[in-house]
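sequence plus the predicted model coming up.
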Amino acid sequence: MRFSAIPSLLFLAAGAVQAASSWSFDDASVAISSKKGVGEAHKEKFGAKSPLETPVTLGAQDTLTVSFTAKDNGKAKRPHQAFVLLRDEDTGLEAPFPLNVKESGKGKVQITQKEIPAQFFTSSKPVHATVVIGSFGSAQGLIADAFDIEITQDPNKPAPAAPSPVRYGKKPQIHHIFREPTQYPYKVFSIIFVIIIAATLPVLLVAWFGFLGANISALPKALGAAPLSHATFFGSILAIEGVYFLYHRGLSLGHILVPIAVFGTTTVLSGMKALGEVQRRRLAGER
């Protein structure tokens with residue numbers, strides 16, 4: 001029983017050490033190098049508890065490089081998040097710049113004026129830089145003041161204009177046009193073709209009754225033998241013509257597919273019985 005308390009004490013001690021761990025960094029430096037490559041880069045060192053007292057100057061052709069080694073409880077390690085946070089002291093606007101951190105904990109980020117928001121150029125105070133490190137687990141994250149940046153603009157170029165912030169409120173009405181309206185043929189052409197088609201009907205009736213020997217007196221007998229088939233067959237043909245007329249008047253293709261399928265199937269089934277009745281009369285010698 002005396003030995004059973006030892007593992008518990010070790011577990012509590014390990015938990016206390018783990019809870020007390022926190023993130024930090026060493027070998028931190030900020031360097032300003034010119035794009036023209038004239039002279040060596042101006043480099044200054046800072047620490048998690050010792051930020052630079054004087055601002056660094058970032059010119060229009062300069063590159064600011066921040067590098068350090070992240071450590072978890074004194075051991076070099078790669079955190080899940082590590083970035084340099086720039087803050088405008090006048091407006092409170094912040095811009096994060098994540099570091100490229102290796103497994104050894106060494107990280108680096110390079111910043112130029114092109115990557116800095118335009119609002120920072122109108123600030124009356126130096127831009128403040130903060131190092132932020134955090135990760136999953138019980139280790140406490142780090143937010144440490146690092147240095148200030150004096151941004152020097154190119155006098156030969158106009159100052160960048162900061163875009164006005166987007167405000168929530170009433171906006172102008174948006175009229176969506178998803179497709180162009182359907183173009184119909186001129187009415188004159190439609191009327192001409194309707195007249196041509198209508199003119200063929202008398203010719204068809206004359207040829208039917210005068211030359212082909214159509215016998216309208218057999219209609220009562222046909223309707224008596226298969227009334228439902230003949231009525232359905234003729235009605236489905238008229239229904240299909242009506243659907244085509246509605247399509248010509250603006251009904252979309254997707255809306256006519258189902259009616260055409262239904263009426264087409266009805267026409268085939270009823271037509272087989274109706275025409276079968278006509279065939280039986282023809283075979284019997286009736287006209």
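That came through, no problem. Numbers count the residues shown, from 1 in each chain.

would you confirm that D26 contacts T69?
Yes - contact criterion Cβ atoms under 8 Å: D26 and T69 qualify, at 5.1 Å. Heads up, the C-betas are built off the backbone N, CA and C, glycines and all.

and the helix or strand hosting F97, what's buried?
Taking DSSP states H and E as the criterion, F97 maps to strand 94-98. Of all the residues in strand 94-98, those buried under the rule 16 or more other Cβ atoms under 10 Å are A95, F97.

what strands flank the helix or strand following it, and is each parallel or antiparallel?
Using DSSP H and E, the helix or strand that follows strand 94-98 towards the C-terminus is strand 100-101. For strand 100-101, the paired strands and their directions (DSSP bridges) read strand 106-111 (antiparallel).

and the partner strand with strand 94-98, angle?
The directions of strand 106-111 and strand 94-98 differ by 130 degrees, with axes from the mean of the first three to the mean of the last three Cα atoms, to 10 degrees as the criterion.

relative to the whole chain's centre, how far out is the helix or strand following strand 106-111?
With elements assigned by DSSP H and E, the helix or strand that comes after strand 106-111 is strand 127-134. Its chain's C-alpha centre and that of strand 127-134 lie 32 Å apart, by Cα atoms, centre = their mean, to the nearest Å.

who touches strand 127-134?
Residues from elsewhere that reach strand 127-134, judged by Cβ atoms under 8 Å, 6 or more residues apart in numbering: 23-25, 28, 30, 48, 66, 68, 70, 79-89, 96, 116, 120, 141-149, 151.

okay, and which of those residues map to strands?
Using DSSP state E, the members of those that fall within strands are 23-25, 28, 30, 66, 68, 70, 81-87, 96, 142-149, 151.

give the buried subset of those residues as a PyMOL selection command.
To isolate the buried members of the ones in strands among the contacts of strand 127-134 in PyMOL, using 16+ other Cβ under 10 Å:
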select buried, resi 23+24+25+28+30+66+68+70+82+83+84+86+87+142+144+146+147+148+149+151
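
low-confidence ranges, the stretch 1-150 of the chain, go.
Filtered on pLDDT under 70, the stretch 1-150 of the chain yields the residue ranges 1-20, 36-40.

circling back: so what strands line up beside the strand holding F97?
Sheet pairing of strand 94-98 (DSSP bridges) gives strand 81-87 (antiparallel).

what's the biggest helix in the chain, counting residues?
Using DSSP state H to assign secondary structure, the helix with the most residues in the chain is helix 253-283.

give me the more crowded residue out of D26 and T69.
Higher neighbour count among D26 and T69: T69, with 17 against 13, using other Cβ atoms under 10 Å.

contacts only, for that one.
F25, D26, D27, A28, A76, S104, G105, K106, G107 are the contacts of T69 under Cβ under 8 Å, 6+ apart.

distance of the first one from V101?
So that's F25. Per Cβ to Cβ, to the nearest Å, F25 is found 10 Å from V101.

spit out the residues that contact those two alike.
Common neighbours of F25 and V101, using Cβ under 8 Å, 6+ apart, are A70.

give the buried residues for stretch 134-144.
Buried residues in stretch 134-144, counted by 16+ other Cβ under 10 Å: G134, S135, A139, Q140, L142, A144.

run through who's touching stretch 49-65.
By Cβ under 8 Å, 6+ apart, the list of residues contacting stretch 49-65 from outside reads 30-36, 41-42, 44, 46, 108-113, 126, 144-154, 157.
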